[in-house]
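Asks: quick one: sequence and predicted model below, then my questions.
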Amino acid sequence: MTLEIINQIMVTRGMIPETPGTMFFSMRSLLGNDTITGKALLEGPFKKQAVIPSFKWIDNRPPEAPIVKFDNLIKKIKISWITKSKENPWLFIVYKKTNNGWSYEILSSETREYTISDSTTSEVIVTAIDKCGNESKKSIVKIH
């Protein structure tokens, strides 16, 4: 069963590159830390964080882009942001570009700052996500 589930996820991703994701009716039985299937999913296709697909039929308006600033500190960079939207974002995504390419981290709505200690970071993008999965415009900060 474990291999079949992982194969179905990978086939879906390969056949439809623009697919917004994979959904399961109930993940409770699959994601227990002590199950073989849970471990295989967490070490395989679900290793990286992901945001839910947007539910544009419920709400198709993205939140306002965060207002971002950065402070160059000794051996690190502090990124901080505020929002002026009436609706509090559900999540924030911080994308960062280094010599190794782009990576991202998904943060809770309470988080309003992010510290970077990688000296090869050249660009940072912060976006807001609402509860329907709509992503705001990008707030771009060039570091170097």
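Replies: Noted; the coordinates are in hand. Numbering: from 1, shown residues only.
Asks: in stretch 112-130, which residues are buried?
Replies: For stretch 112-130, a neighbour-count test (16 or more other CB atoms under 10 Å) marks Y114, I116, T121, V124, I125, V126, T127, A128, I129, D130 as buried. Any C-beta I mention is one placed from the backbone N, CA and C, and that applies to glycine too.
Asks: export these to a markdown table and tack on pLDDT?
Replies: As requested, the buried residues of stretch 112-130 are exported to a markdown table (pLDDT from 0 to 100):
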| residue | pLDDT |
| --- | --- |
| Y114 | 94 |
| I116 | 90 |
| T121 | 88 |
| V124 | 93 |
| I125 | 95 |
| V126 | 96 |
| T127 | 96 |
| A128 | 95 |
| I129 | 95 |
| D130 | 94 |
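Asks: so I93, which of the three states?
Replies: Secondary structure for I93, judged by DSSP: H, G, I helix; E, B strand; the rest coil, is strand.
Asks: near it, how many other residues are there?
Replies: 19 (other CB atoms under 10 Å).
Asks: how about the buried residues of stretch 112-130 in JSON lines, adding secondary structure and distance to Q49?
Replies: As requested, the buried residues of stretch 112-130 are exported to JSON lines (DSSP: H, G, I helix; E, B strand; the rest coil; distance: CB to CB, whole Å):
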{"residue": "Y114", "secondary structure": "strand", "distance to Q49": "14"}
{"residue": "I116", "secondary structure": "strand", "distance to Q49": "17"}
{"residue": "T121", "secondary structure": "coil", "distance to Q49": "19"}
{"residue": "V124", "secondary structure": "strand", "distance to Q49": "17"}
{"residue": "I125", "secondary structure": "strand", "distance to Q49": "16"}
{"residue": "V126", "secondary structure": "strand", "distance to Q49": "15"}
{"residue": "T127", "secondary structure": "strand", "distance to Q49": "14"}
{"residue": "A128", "secondary structure": "strand", "distance to Q49": "16"}
{"residue": "I129", "secondary structure": "strand", "distance to Q49": "12"}
{"residue": "D130", "secondary structure": "coil", "distance to Q49": "17"}
